[in-house]
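Peer 1: Give me a model of this one.
(chains A, B and C)
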Amino acid sequence: MHPSRVIIHADFDYFYAQCEERENPMLKDKPVVVCIYSGRSEDSGAVSTANYIARKHGVRAGIPIIMAKRKLKNTDAVFLPANFELYEKVSENIMNILRAYGDAFEQWGIDEAFIEVTQRVNGDFENARQFAQKIQTEILEKEKITVSIGAGPNKLIAKIAAGRQKPQGLTVVKPEEVEGFLAPLPVNELIGVGKKTSVVMEEMGIKTVDDLANYDLEKLIKRFGKILGVYFHNSALGIDESPVKERGMAESISRIWTLKEDTIELDKILEYAYEICTDIQARAVGLNLGFKSVTVHAVLQDMSAHSRSKTFETPTDNLETLKETTKELFQRLLNEIPEDLKARRIGVKISNFTREKQTQKQLTEFVDKT
DNA sequence: GTATGCTTTCGGC
DNA sequence: TTACGGCCGAAAGCATAC
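Peer 2: So this is what the prediction gives:
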């Protein structure tokens, strides 16, 4: 029998709102709602995150600010605009603490991370519990932020475990406990099982991870294909061999803006879009990245989202290419959306990055010369 | 029939 | 009853290739 790996997943509690509490401790006993204002009218915008006091009143990430205000009327709730510079700085500090505790480290978004601690705890899960407490203590002392931690034999179990007890939770799942831990959970707790897949599985009579674990593998493969079928089967059994490894560069850079006024005029839209192009192209150049894909995005008055994208044969970092492609894609998108609806928000994304820009340039020069 | 890549939509915070 | 951000990666769905 292989000795088990020991993986820890750390999840910063209600992160943005907790950062605000840290900066102003007077907030701690009040509902705190971190908002992103669109600037269109007094309270237009959405909730980014809220502390647990606000959540008790039904405030959730993503709801309109005006709705959150309604739920919190007659309380001393505090509504704050998101301060991303602060959150990024705090995140970076905590990530550096976590990184130092791991044999390997993998950041997951702004407020989550995996660390492999197998060597550090000698493969022992009781040590892992103490180790995790030490991490929680250090982060609390140095950064005044609480985190919830899950420990398990792999990333899948560690992540699910971290979500079981919050805030400031610590859930350790030993290898011999994995089966009992997973069995009663609904399948959508598994990574990769979203809304659509849950529905399909439910139709197949699969509601819990236990149902999935006992489902015939051949039938799973027949329905989901070999890769996904095997992946789901293994996940249900708590099997996940994926390594903890440092993430490289971001996979995409995008910006989206809310328009001052709704419009379907291409020229108006492009005024905004070209500004975004200039910004994200500069960021790509700053990171020395070429991009192969461009996506434009529009949210209409009914809040429906639409996008169009294009992938080049070779990467580029050219601003004019980006603008031309943006124009072409918005033309196409405007032709294909319902005529009676205007655009409310628009965005541009570049992705499919490569660092082979240099090679491509040389190749182009070579072709030009011949 | 499956793998792969591209496009579009979804979902978390 | 409506209301509504910005950014990211994942999921879904399709086309094409083998």
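
Peer 1: quick one, what contacts the residue nearest to residue A:255 when sequence neighbours are not counted?
Peer 2: Ranked by C-beta to C-beta, 6 or more residues apart in numbering and with sequence neighbours excluded, the top spatial neighbour of residue A:255 is residue A:276, at 4.6 Å. In short, each C-beta sits where N, CA and C put it, glycine included. Going by C-beta atoms under 8 Å, 6 or more residues apart in numbering, residue A:276 touches A:255, A:257, A:347, A:348.

Peer 1: Could you pick out the buried ones from the residues you listed?
Peer 2: Buried by 16 or more other C-beta atoms under 10 Å: A:255, A:347, A:348, out of the contacts of residue A:276.

Peer 1: beta partners of the last one?
Peer 2: When bridges are taken as DSSP bridges, the partners of residue A:348 come out as residue A:255, residue A:296.

Peer 1: pretty sure it is touching residue A:293, no?
Peer 2: No. Counting by C-beta atoms under 8 Å, residue A:348 sits too far from residue A:293 to count as a contact (11.3 Å).

Peer 1: Could you pull up the residues touching residue A:171?
Peer 2: Residue A:171 makes contacts with A:149, A:150, A:151, A:161, A:162, A:164, A:165, as judged by C-beta under 8 Å, 6+ apart.

Peer 1: do residue A:107 as well
Peer 2: A:95, A:113, A:246, A:247.

Peer 1: I'd like to know how far residue A:54 sits from DNA strand C.
Peer 2: According to C-beta to the nearest atom of the strand, to the nearest Å, residue A:54 and DNA strand C sit 14 Å apart.

Peer 1: State the helix or strand in which that residue lies.
Peer 2: If you go by DSSP states H and E, residue A:54 is part of helix A:52-56.

Peer 1: from the chain's centre, how far out does that helix sit?
Peer 2: 22 Å (C-alpha atoms, centre = their mean, to the nearest Å).

Peer 1: ranges for the strands of the stretch 201-350 of chain A?
Peer 2: Remark: strands assigned in the stretch 201-350 of chain A by DSSP state E, counting those that start in this stretch are A:252-263, A:290-300, A:305-316, A:343-354.

Peer 1: Tell me which of those strands sits nearest to DNA strand C.
Peer 2: Among these, the nearest to DNA strand C by C-beta to the nearest atom of the strand is strand A:252-263 (3.3 Å).

Peer 1: hmm, the closest one touching DNA strand C?
Peer 2: Yes. Using C-beta under 7 Å from any atom of the strand, strand A:252-263 reaches DNA strand C at A:252, A:253, A:254, A:255, A:256, A:257, A:258.

Peer 1: among those residues, which ones are buried?
Peer 2: The buried subset of those (16+ other C-beta under 10 Å) comprises A:253, A:255, A:258.

Peer 1: In JSON lines, list the residues you listed along with pLDDT.
Peer 2: Below are these laid out as JSON lines (pLDDT from 0 to 100):
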{"residue": "A:253", "pLDDT": "91"}
{"residue": "A:255", "pLDDT": "92"}
{"residue": "A:258", "pLDDT": "91"}
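
Peer 1: closest to residue A:174 among the residues you listed?
Peer 2: residue A:253 (41.1 Å; C-beta to C-beta).
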